[in-house]
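1. turn this into a model:
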Amino acid sequence: MEFHYSQPKGFVGRNICYAVTFNGIYYGSIVGGSACRFLPGRDKFLTVKGITTRLDNIINNIFFHLEKVNNSYPCRNFAPKVISAFRNAIGQRWQEKYGDEVIAFETLVEMPRTGECYRRDGWELVGVTKGFTCKRSSGQGTDSWSGRRVWDTINLRPKNVFLRLVEGADVNMKIPHTNSPLAGKPAPRVHLNLSRFWNHGG
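-> The predicted structure is shown next:
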C-alpha cells in the first residue's frame, strides 16, 4: 500500500482483501469495500439499466495495486485479468459474509490516470467527482458518523467514476439478504491465485 498513489492507512466499513498471486509469486493486492454514499453518475446509470440503487448491493474496488516482478508481469493484459478474476471471486464471498447479493461494482480512478484496465474489463465511465478530499480526525462530528471530518476543497483531486454490472444480476431485486451467519465478522485476507483462472500465456 505504501507505493500506491492514494497512500491508504486502512479501510473503513465492509471490506474483503485479496493478495494477487500467480504461480505462487506475489504481485500486489486488490480490495472490495463499501460503496460510496454519493457518487456522480452512478444512480443515473443504474436507473437507466432498470436497477434501484442499494449501497449494500454494490462493491467498491477501493484499492488496487500491482508491482512487476523482475520488471515484468506474468502475461499480457495482467491488470484487467486481475480485475475480472476479482469480480468473479468476491461476489459469493460478499454474500456469505454480509448477506447481500452483489448487483454492481464501482471504482474511482484519480486523474491523470485513465482507468484503461477497467475499460478493458468492460467497466463504463459514468461521471467525475469534484475532487474534494476528506480526512477523519478525533473529535465531535457534524453528522452521525464517528470522528470529525476535515474537508479540503482547495487542492482538488478529481476522480473518474467507473461502474460495471454483474452478469445475470437480478435487476428487480429490492430487498437485500441479511440472514448470513458470517455477517459482521472480520474478513480474512485471502489469495486470489490468478494461475487458476487462465493459462500462463493468456
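
2. ok but Ala89 is inside a strand, no?
-> No: per DSSP: H, G, I helix; E, B strand; the rest coil, Ala89 lies outside any strand segment and is helix.

3. shouldn't it be in contact with Tyr18?
-> Yes: with contact defined as C-beta atoms under 8 Å, Ala89 counts as touching Tyr18 (7.2 Å). Glycine gets a C-beta too; all of them are placed from N, C-alpha and C.

4. now the helices for the chain?
-> 42-48, 78-98, 116-119 (DSSP state H).

5. pipe the ones you listed into CSV and attach mean neighbour count, distance to Ile59 and mean pLDDT per row.
-> CSV is the format used below for the helices of the chain (neighbours: other C-beta atoms under 10 Å; distance: least, C-beta to C-beta, whole Å; pLDDT from 0 to 100):
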stretch, mean neighbour count, distance to Ile59, mean pLDDT
helix 42-48, 16, 13, 95
helix 78-98, 19, 6, 93
helix 116-119, 17, 13, 97
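
6. quick one: the ones you listed as JSON lines, columns for distance to Val31 too.
-> Formatted as JSON lines, the helices of the chain follow (distance: least, C-beta to C-beta, whole Å):
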{"stretch": "helix 42-48", "distance to Val31": "19"}
{"stretch": "helix 78-98", "distance to Val31": "9"}
{"stretch": "helix 116-119", "distance to Val31": "15"}
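
7. which one of those lies nearest to Val128?
-> helix 42-48 (11.8 Å; C-beta to C-beta).

8. which intervals of this structure have sub-threshold pLDDT?
-> 1-12, 135-149, 168-202 (pLDDT under 70).

9. what about the strands in it?
-> 15-22, 25-34, 58-66, 104-110, 124-128, 133-137, 148-152, 159-165, 190-193 (DSSP state E).

10. so which of those is nearest Tyr118?
-> Closest among the strands of the chain, once you apply C-beta to C-beta, is strand 159-165, at 4.7 Å.

11. direction included, what does the closest one pair against?
-> strand 104-110 (antiparallel), strand 124-128 (antiparallel) (DSSP bridges).

12. thinking again about what came up before, Val161 is nearest to which of the helices of the chain?
-> When these are compared by C-beta to C-beta, helix 42-48 sits nearest Val161, at 6.5 Å.

13. packing partners for the closest one?
-> With contacts taken as 3 or more C-beta pairs under 8 Å, 6 or more residues apart in numbering; DSSP states H and E, helix 42-48 sits against strand 124-128, strand 159-165.

14. could you rerun that using 6 Å?
-> Helix 42-48 sits against no helix or strand, with contacts defined as 3 or more C-beta pairs under 6 Å, 6 or more residues apart in numbering; DSSP states H and E.

15. other residues contacting that helix?
-> Thr53, Val126, Leu163 (C-beta atoms under 6 Å, 6 or more residues apart in numbering).

16. one step back: got JSON lines for the strands of the chain, with distance to Ile83 too?
-> JSON lines is the format used below for those (distance: least, C-beta to C-beta, whole Å):
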{"stretch": "strand 15-22", "distance to Ile83": "10"}
{"stretch": "strand 25-34", "distance to Ile83": "7"}
{"stretch": "strand 58-66", "distance to Ile83": "7"}
{"stretch": "strand 104-110", "distance to Ile83": "9"}
{"stretch": "strand 124-128", "distance to Ile83": "14"}
{"stretch": "strand 133-137", "distance to Ile83": "24"}
{"stretch": "strand 148-152", "distance to Ile83": "29"}
{"stretch": "strand 159-165", "distance to Ile83": "9"}
{"stretch": "strand 190-193", "distance to Ile83": "10"}
